[in-house]
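Undergrad: Below: sequence and its predicted model.
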Amino acid sequence: MGRWLVAAGVYNLAWGALTVLLPSWLFTLTGMEQPNYPFIWQCVGMIVGVYGIGYLAAAADPVRHWPIVLVGFLGKIFGPLGYAMGVVKGEVPPAFGWTLPTNDLVWWVPFGLILCHAARAHGFTWGSVMPGAVRRRTAA
């Protein structure tokens, strides 16, 4: 589990640093129009890099640091959803989607498995969150 978080941390630090140092790289690569305010895109790079630091910290004990994994997992789900909504509205060029497999989709399964493992380790059950939603077996 920790190796996935180390990989995610290194990837996010590299992607974030590249975006901070060369904010036009993605736009040039995809043939998209350059942003009018590159500093905003550099802020995105900074945020991605900070996530990388969090993943590296969580890698030492993913069960203990599951909230960091959860925040990353949610971002990796909501990012593609926001992209899809932007494409449908005509606000985001489809070429921007080439980032989804490596930035988001590849991490869904490992992050999900880490969260499932952490939930089991902490004794989480759906019945503890939604009493009555899960039938409990009773002795006959």
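TA: Received the coordinates, thanks.
Undergrad: what about the residue most central in space within the chain, which helix or strand?
TA: Per C-alpha atoms, centre = their mean, the C-alpha nearest to the average position across the chain is that of Lys76, at 3.1 Å. Using DSSP states H and E, Lys76 sits in helix 66-89.
Undergrad: same for that helix, what does it pack against?
TA: helix 38-59, helix 100, helix 106-121 (3 or more C-beta pairs under 8 Å, 6 or more residues apart in numbering; DSSP states H and E). In this view, the C-beta of every residue, glycine as well, is placed from N, C-alpha and C.
Undergrad: export these to TSV and tack on distance to Ala84, mean pLDDT and mean neighbour count?
TA: Formatted as TSV, the helices and strands packed on helix 66-89 follow (distance: least, C-beta to C-beta, whole Å; pLDDT from 0 to 100; neighbours: other C-beta atoms under 10 Å):
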stretch	distance to Ala84	mean pLDDT	mean neighbour count
helix 38-59	18	97	17
helix 100	9	94	15
helix 106-121	15	95	16
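Undergrad: Which of these sits closest to Trp25?
TA: Trp25 lies closest to helix 38-59 among the helices and strands packed on helix 66-89, at 9.8 Å (C-beta to C-beta).
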